[in-house]
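A.B. asks: Okay, sequence plus prediction incoming.
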Amino acid sequence: MASHKIAVIPGDGIGPEVVAEGRKVVDAVAGRTGLSIEWEEFPFGADHYLKTGEVLSDSSLGSLSKFKAVYLGAIGDPRVKTGVLERGLLLRMRFGLDMFINYRPVKLYPGVQCPLVGKRPEDIDIICVRENTEDLYIGIGNVFKQAEPKRRVDFSAVFKEKDPEYETRIGMQIERASTTDDLAANVGVVTRKGSRRIIEYAFELAKRRSKKRLTCVTKSNAIEMYRFWDTVFEEVGKAYPGVEQEKNYVDAVTQWFVRTPEHYDVMVLPNMFGDIITDLGAAIQGGMGLAASGNINPAGTSMFEPIHGSAPKYKGQNRVNPIAAISAASLMLGHLGAARESKAIEDAVAAVLAEGKVRTYDLGGQSSTSEVGDAIAVRAAELAGA
Ligand code: IPM
Ligand code: MN
């Protein structure tokens, strides 16, 4: 009998609540089919960091690397400076375990209201393939030359001298801004290997879809590293004559995603643009409460997570939508080769959404997080047993 060990990081804010529902659904389905799942919980996140000072040590990363799958809730906490956990934990896992594929389906389920007038479920069925290890995310950058103002500039002759508001407030700001040398810079990187492997993956995926269309999204008219990415796309594309190929600029995509999402099938995007476009994707599929993702290293450890954040203000209220986390669990089982269990969960999510009886506030309902989890667990177990 197949057996899988999964590392779980419930994380911060609403993370633990949505992860509990995902586990509940997986356990219900596995119980029905006889799949053996073993969960091992890890405490990483804000509390652990505040208690121990550890965000994610080398040895912890080493422990996670022994698993084929990590199931993550959410990261981020107002008590911790912005970026510490995001970079030290989330991006550290993505980079440190070389999860180079960020797989983000954008699918409108029947029964979910689309914010785009007149669009139906058959119009929104896209897979965004986001590069996950390069671009502006590599972490080379800083704020430099931070120092106190070096010289005074007297603007009193230029600006309204007698205005007390100017003197006390605006004048000080202008003076600070013009007499310090602070600057910030980040280096963005596109490598041949890094772009090639994600583009190849996207072509392989597109080849297996019915529409067989791959859209490459960059900004090569303005930024050199993306022009390089486009040339790699063209090169790789020669090996896929059966896939329709096109290149779009990212600014245009923000427009076409809203006007004609039905045009798109598979999209391949560098890290930064992939981050932005997939939030737009979440919006057109009915909201962040529904959007799931996988951070995949086909030869190593992969991590599955809802794309929403930790939503601290909803923490502990049993109110938020667990579907993004449940769908992430379905992606995870699919990745582990448990196709039947994965499909049962996906179909159960679709069925519960289509019925519209049990749903959280974000979808216009009044059910709690755990009620939605229960409904999907029951339905998924039925479907898995059928
Ligand atoms: C995401 C998130 C992360 C990202 C943040 C939290 C670093 O927005 O997974 O999309 O930018 O990738
Ligand atoms: Mn994001």
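C.D. replies: Perfect, I can see it now. Quantities reported herein were computed from a predicted structural model and do not represent experimental measurements. Ligands and ions are numbered 1, 2, ... in the order given.

A.B. asks: Spit out the contact partners of Leu214.
C.D. replies: 202-203, 206, 237, 240, 243-246, 265-268 (Cβ atoms under 8 Å, 6 or more residues apart in numbering). The way it works is simple: take the backbone N, C-alpha and C, and place the C-beta from them, glycine included.

A.B. asks: Unless I misread the structure, it falls within a strand.
C.D. replies: Yes. With DSSP: H, G, I helix; E, B strand; the rest coil as the criterion, Leu214 is part of a strand.

A.B. asks: sorry, back to before: for ligand 1, state which of the contacts of Leu214 is nearest.
C.D. replies: Met267 (15.1 Å; Cβ to the nearest ligand atom).

A.B. asks: How about the secondary structure of the closest one?
C.D. replies: Classified using three-state DSSP, Met267 is strand.

A.B. asks: pLDDT at it, what is it?
C.D. replies: Met267 carries a pLDDT value of 98.

A.B. asks: Does it touch Ile127 like I think?
C.D. replies: Yes. Met267 lies in contact with Ile127 (Cβ atoms under 8 Å); the separation is 7.3 Å.

A.B. asks: The two: which has the busier surroundings?
C.D. replies: The residue with more neighbours, out of Met267 and Ile127, is Met267; 28 against 20, by other Cβ atoms under 10 Å.

A.B. asks: picking up where we left off before, just the buried members of the contacts of Leu214?
C.D. replies: Those of those that meet the buried threshold are Ala202, Phe203, Ala206, Gly237, Tyr240, Val243, Gln245, Asp265, Val266, Met267, Val268, by 16 or more other Cβ atoms under 10 Å.

A.B. asks: Quick check on the fifth one: phi, psi?
C.D. replies: As for Tyr240, its main-chain torsions (degrees, to the nearest 10) stand at phi -130, psi 60.

A.B. asks: what's the answer for the one 4 residues further on, then?
C.D. replies: Backbone torsions for Glu244, taken as degrees, to the nearest 10, come to phi -70, psi 130.

A.B. asks: My guess is it contacts Lys212. True?
C.D. replies: Yes. When contacts are counted by Cβ under 8 Å, Glu244 is listed as touching Lys212 (6.0 Å).

A.B. asks: quick one, helices of the stretch 201-350 of the chain?
C.D. replies: 224-237, 250-259, 271-284, 323-335, 339-355 (DSSP state H, counting those that start in this stretch).

A.B. asks: Could you single out the most deeply buried of those?
C.D. replies: helix 323-335 (a mean of 26; mean count of other Cβ atoms under 10 Å).

A.B. asks: for Ser302, what are its contacts?
C.D. replies: Applying Cβ under 8 Å, 6+ apart, the residues near Ser302 are Lys68, Ala69, Val70, Met99, Gly294, Asn295, Ile296, Met332, His335.

A.B. asks: Show me what the fifth one bridges to in the sheet.
C.D. replies: Taking DSSP bridges as the rule, Gly294 bridges to Tyr103, Phe304.

A.B. asks: Contact residues of the stretch 201-350 of the chain facing ligand 1?
C.D. replies: Asp275, Ile307 (Cβ under 6 Å from any ligand atom).

A.B. asks: Which residue would be the closest one in the stretch 201-350 of the chain to ligand 1?
C.D. replies: Counting by Cβ to the nearest ligand atom, the stretch 201-350 of the chain gets nearest ligand 1 through Asp275, at 4.4 Å.

A.B. asks: residue ranges with poor pLDDT in the protein?
C.D. replies: In the predicted model, the chain carries pLDDT under 70 at residues 1, 147-179.
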